[in-house]
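>>> structure of the sequence below:
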Amino acid sequence: MKHWVTALAAGAISLGVAAGVQAQSALNEILDGGVLKVGTTGDWNPMTVRDPATNSYKGFDIDVMTELGKDLGVEVEFVPADWKTLVNGVVAGKYHMTGSASISPPRMKVAGFSESYIAVEIFPFTTPEKAANFDGYDSINQPGVKVATTLGTTFEALAKEWFPNADIKVVEAPARGFQEVLAGRADVFITSNIEGSTLTAKHGVVRVPGTGPRSPSPIAMLLPQNDQVWINYVNNWVKVKQAKGFFEETKAKWGL
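You can find the predicted model right below:
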């Protein structure tokens, strides 16, 4: 009898712990505290762009997170992040979620993702004066060709995979790979069609001749992996907003 009572008590404690964990969902914390904390890098135009003069943000991601905060009935606090620690920040609880990030197996091992709401393709870019030096991916993958990329991004891993024979120059945020090419310190950088179109309009960079899109990747928000309550809320929110045309309208606003 004593053992049965002990087992029953232990079971009750386990259930209590489980209920406590359930109650500690980010969703409850956000609603109770009145603040949604979002990690964002501020350096992926037109997704998230930080104005250093005002320390404010604008872009597709910012509009999406502002809408999510409005529907939750809370304020949105944008937490500065960089690509190399973006995942660590959500795992450590520095913010409740992130803005857009590529869904990738390494990230999936430690973090959760929302439903995808946009996708990207990756291209190599260079300056117009250097474009004639290249024709296709093989022409980039050569000794002496400098490929610039930013530490901690999906592009860093792809650059090393695609161009093992080239000289890969990795810079750390807030520096960006494209800035190395614009400054003449590198020849090529790779980025998404989303950012590439913006950089073409702003800086005149061009796609490397003879190259097509690679690595189509769905984009989503990073979330705590073990918080299914919060993941379910965000996923269903994405579905509702997709059905109402919010994402298509926001894409059109930012030229996506």
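>>> residue ranges of each domain in the protein, please.
25-118+217-253, 122-216 (automatic domain parsing).
>>> could I get these as a markdown table with mean neighbour count?
From N, CA and C alone the C-beta is placed, and that goes for glycine too. What follows is the domains of the chain, written out as a markdown table (neighbours: other CB atoms under 10 Å):
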| stretch | mean neighbour count |
| --- | --- |
| domain 25-118+217-253 | 18 |
| domain 122-216 | 18 |
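>>> turn the ones you listed into a markdown table, columns for mean pLDDT.
A markdown table is the format used below for these (pLDDT from 0 to 100):
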| stretch | mean pLDDT |
| --- | --- |
| domain 25-118+217-253 | 96 |
| domain 122-216 | 95 |
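>>> partners of the most centrally placed residue in the chain in the sheet?
With distances taken as CA atoms, centre = their mean, residue 101 lies nearest the centre of the chain, 1.9 Å away. Counting by DSSP bridges, residue 101 forms beta bridges with residue 220.
>>> contacts only, for it.
Residue 101 is in contact with 86, 107, 113, 219-222, counting by CB atoms under 8 Å, 6 or more residues apart in numbering.
>>> just the strands in the stretch 101-250 of the chain please.
111-113, 118-126, 146-150, 167-171, 188-192, 206-207, 214-224 (DSSP state E, counting those that start in this stretch).
>>> looking at these, spot the one closest to residue 248.
strand 118-126 (10.0 Å; CB to CB).
>>> now residue 189, nearest residue through space, not along the chain?
Of all residues not flanking residue 189 in the chain, residue 177 sits nearest, at 4.0 Å (CB to CB, 6 or more residues apart in numbering).
>>> what residues are up against that neighbour?
Taking CB under 8 Å, 6+ apart, one finds 148-150, 155, 169, 171, 186, 189-191 in contact with residue 177.
>>> just flag the most distant two among those.
Every pair of the contacts of residue 177 checked by CB to CB; the farthest is 169 and 191, at 14.7 Å.
>>> figure out which of the strands of the stretch 101-250 of the chain is closest to residue 63.
The nearest among the strands of the stretch 101-250 of the chain, by CB to CB, is strand 118-126 at 12.4 Å.
>>> packing partners of the closest one?
Applying 3 or more CB pairs under 8 Å, 6 or more residues apart in numbering; DSSP states H and E, one finds that strand 118-126 contacts helix 177-182, strand 188-192, helix 193-203, strand 206-207, strand 214-224.
>>> nearest to residue 46 among these would be which one?
Comparing the helices and strands packed on strand 118-126 under CB to CB, the one sitting nearest is helix 193-203, at 5.4 Å.
>>> so which elements touch that closest one?
strand 118-126, helix 177-182.
>>> turn those into a markdown table, including distance to residue 47.
Shown next, in a markdown table, are the helices and strands packed on helix 193-203 (distance: least, CB to CB, whole Å):
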| stretch | distance to residue 47 |
| --- | --- |
| strand 118-126 | 9 |
| helix 177-182 | 15 |
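>>> can I assume residue 165 is in contact with residue 143?
Yes: between residue 165 and residue 143 a contact is recorded at 5.8 Å, counting by CB atoms under 8 Å.
>>> now the helices for the chain?
Taking DSSP state H as the test, the helices found in the chain are 2-23, 26-33, 60-72, 86-91, 105-108, 137-140, 154-162, 177-182, 193-203, 228-243, 246-253.
>>> and those as CSV, adding distance to residue 127?
Output for these, formatted as CSV (distance: least, CB to CB, whole Å):
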stretch, distance to residue 127
helix 2-23, 53
helix 26-33, 44
helix 60-72, 26
helix 86-91, 28
helix 105-108, 31
helix 137-140, 14
helix 154-162, 17
helix 177-182, 6
helix 193-203, 8
helix 228-243, 38
helix 246-253, 28
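>>> kind regards, and thank you for your time.
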